[in-house]
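# this one's sequence-less:
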């Protein structure tokens, strides 16, 4: 007889809902997403969940497991003691069950000035110069950082702040050795880096272990400070190369 | 214009699929004045392309200056056991460097050589270090680059929209697609002059697969139902190294990059068995050879505890492994509690890629149906009987661009719009709604599972006549059941309902695979017949299988493999590897 | 040959034991609160931090040498205190613990409160962090001078518990100061391309080193705060005669 675990899964939509308990037989090494699939296949075929790769590559299966923003495919059942509660991401409006409306993120993505190469490729770039951008390009856009960011989650300041995901997007472009655009004023104003109070929850939840706060947001704040708070540096700054 | 409540949108080019091929096609097609829609079954940037790990093959010669397009062409044809369309392989090898440089121009950040050029790694059956890569997440780099290029290129991207039907005019030309929004369950008609299928493969019809949820072949099935020709459907690639344990992770890909970076395969006796099977290329032999070798070791009782082989890269040191293969390190640590820097780990073959697919014209990606185009994994021709690692990502770029041009030009040549008729739309709507209305019916998840078991037994790595025949017989029952699929619940984000369309598509494509597997009485590349263990170069090796849907039946016919012109054929007759001549240092980037 | 070890079955999931969520905010509030109260007391109620060749970090540089006798500590401590108050790590600590923005990750706060992050006064002034860094570097020079002096007794070279404390303190303070995010930005973080700068290898390796130290900036922040506190308390107790310095050499 296989061991059974109980999953309490949120079922509902914008008008409300509640957690429903499902019993699932446990296999060795099983992850929460396996359990959700098991429920789908045998008990609730219409249980809505987003997933693609089940290998922590695509960042689709973001949810909150016992209150922790997690990828379901990377959360093992045997790492959870006691009851298992699975709920949709809180920072985004729920569509149905575990599926949320994350379209806001795609709107913000469009507002960031794209990569603007200074010269035609192929580039001569050294590994040491691309390391920082490469770290940020590891992002799988699971939006767990957006979900956990209290600015978006608790204060719903989606008009004032683009959120950690897009801070690293901006940082990736700004630190690209071949990028010629200047997004610092944009970072300070439209993207609202000042709304971040560097409390690092985004860095804690990132499944790709990207140092969002230390390597992207704080360096961006320093770049903003160069422009807006440092008359000495402003005096010596070369005009931007375009 | 609406039919009742159904919205109609009009685009010159409608592209199904937002993976590498679909996005690359859209970027090319979205010229000023050309309206392009991309329909994506999932969210943007989540397509199966993100799972590609090792790299994209391109003959820059940054590390091995002898490399050139001829060598790449040579390797691709040899790897594909000459079942490839030579012209596709030629275009591919010639255009690959420009496409990869273009990606860099759009913001991709590849790993670098000490000289500051794009680094390249060794990979199975490539004669030189050839794969431009970013750690072990090259697919992510590709799709992210195209995604962010795409959103600024003036195309309309419809996320979580699935097409269920292709509308055709009297001459069989596509006039649009019928689609539904997954989130709301509402329907939409996309009217189009040209339709591009870029929906990827159908590996999910197997249980042990490295494929993501999306690889269910609906796009290919749409084309097949519309009458397009499918080619070489029996050619399904087993990647030699997938995860074996724990069960939940079974089939998950272990990148060939592990072997590319020096990993070696061992059997349970600690023997490096690839020295026996391919003394020359050893662990980096082509995928079909390595997969079969592991299979044979397991059959001979020298397998690992869970029926695979051991892969060992510990000798490269922890720092190197974590830098070059970070995802592999993380994947084994988090899912299997295994630290690959300290110990060997188990791997076994897993379904990885479908070489077969919609037959296309090498120049434009046009299918046998006028106005319908295809590219990427859903198309067929480049890889022949076996795809080389790293050739897939480059395939997406080269033929994504070509199909974009092809579809765009075709749309421009069509002056008249032919809109799908109201009755056509009503019919498509009724078909889409039927599973929701069926009170009693088959559970799509169960049927999917049964199909996976059938394919795992009857169209797996080792095949023979009896298995294929029995498989086809069993499939008849599944076909009947697939007409009675039911999905309770509402239309709003109902995965059970979505699964219906996927399972219907896979059942259709499975029949073509089994028919091809039965017909090809030889062993070639990924297709291994126990009753015909040798290649038949003069007979079957000269023919591609062609499948068409005739009523409810899949009909198989054959067509000769296109013959290479003399100057290309000469590359193979000299008995030597074609390499870049002279003192030219090469290196595009 | 034996099978490679450990591949048969994965060990049961690693269950990480976690502190209850309130431990961190309560600890931070207590430590920072007590240190602040102590600092005020030390600064406002003492006119000297000198005990023979030992000088408390609160009183260094010693402004009495230029004739300022009124509360000598107050002329000095503002710099390192503001450096800490605007430090990216301490900001995290006090936003979380004192302002509950957020108290801890993914837990309900009190929604509906107005929140402006670091876009309004007073927190927008945290952007001035770098200037306090510059001043603190000057202070650091004095502290190193003091640390060396702590080994020079009237009888010549010697080692006391106080000398070791002062040395440890200045080492921890240096690591804390030079692992600062503003310094990291200054040495290389502001560059988009190290190879395009003058002295590319130097800039890159400096940045890389500071980045490495920076990863544990929080640890250095706490350790150096306690070392300052401990050193000052030790010297204060020596001055008041409660303790006697132990000479080790």
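Looks like it arrived, so ask away. Not measured: the values here are computed from a predicted model. Residues are numbered from 1 along each chain as shown, chains lettered A, B, ... in the order given.
# secondary structure class for residue A:35?
Recorded secondary structure, residue A:35: helix (DSSP: H, G, I helix; E, B strand; the rest coil).
# what ranges of chain A fall below the confidence cut-off?
Within chain A, the ranges that satisfy pLDDT under 70 run A:1, A:237-242.
# which helix or strand lies directly C-terminal to the helix or strand hosting residue C:132?
According to DSSP states H and E, residue C:132 maps onto helix C:129-149. Next in sequence after helix C:129-149, counting helices and strands by DSSP H and E, comes strand C:152-153.
# average pLDDT for that following strand?
With pLDDT averaged residue by residue, strand C:152-153 scores 93.
# what comes into contact with the helix or strand encompassing residue B:265?
Secondary structure from DSSP H and E places residue B:265 in strand B:264-266. Residues outside strand B:264-266 that contact it (Cβ atoms under 8 Å, 6 or more residues apart in numbering or on different chains): B:240, B:259, B:272-274, B:282-283, B:290, B:293-294, B:309-313, B:344, B:347, C:4. Every C-beta, even on glycine, is put in place using the N, C-alpha and C of the backbone.
# of the residues you listed, grab the buried ones for ChimeraX.
Selection of buried members from these for ChimeraX, criterion 16 or more other Cβ atoms under 10 Å in any protein chain shown:
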select /B:240,259,273,274,282,283,290,293,294,309,310,311,312,313,344,347 /C:4
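# could you list which of the contacts of strand B:264-266 belong to helices?
Among the contacts of strand B:264-266, DSSP state H puts B:259, B:274, B:290, B:293-294 in helices.
# and chain A, what are its domain boundaries?
A:4-100, A:103-236 (automatic domain parsing).
# could I get the ones you listed in a markdown table, plus columns for mean neighbour count and distance to chain C?
Conversion of the domains of chain A to a markdown table gives the following (neighbours: other Cβ atoms under 10 Å in any protein chain shown; distance: least, Cβ to the nearest Cβ, whole Å):
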| stretch | mean neighbour count | distance to chain C |
| --- | --- | --- |
| domain A:4-100 | 20 | 3 |
| domain A:103-236 | 21 | 4 |
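# endpoints of stretch B:306-326, how far apart?
In stretch B:306-326, first residue to last residue: 24 Å (Cα to Cα, to the nearest Å).
# out of the ones in helices among the contacts of strand B:264-266, the closest to residue B:74 would be?
residue B:290 (20.0 Å; Cβ to Cβ).
# now the closest residue to the closest one other than its chain neighbours: how far from residue B:452?
Leaving aside its sequence neighbours, residue B:290 sits nearest to residue B:240 (Cβ to Cβ, 6 or more residues apart in numbering or on different chains; 3.8 Å). Here the criterion is Cβ to Cβ, to the nearest Å. By it, residue B:240 lies 20 Å from residue B:452.
# in chain A, which residue is closest to the centre?
Closest to where the C-alpha atoms of chain A average out (Cα atoms, centre = their mean) is residue A:143, at 2.7 Å.
# would you confirm that it contacts residue A:88?
No: assessed by Cβ atoms under 8 Å, residue A:143 is found out of contact with residue A:88, at 11.6 Å.
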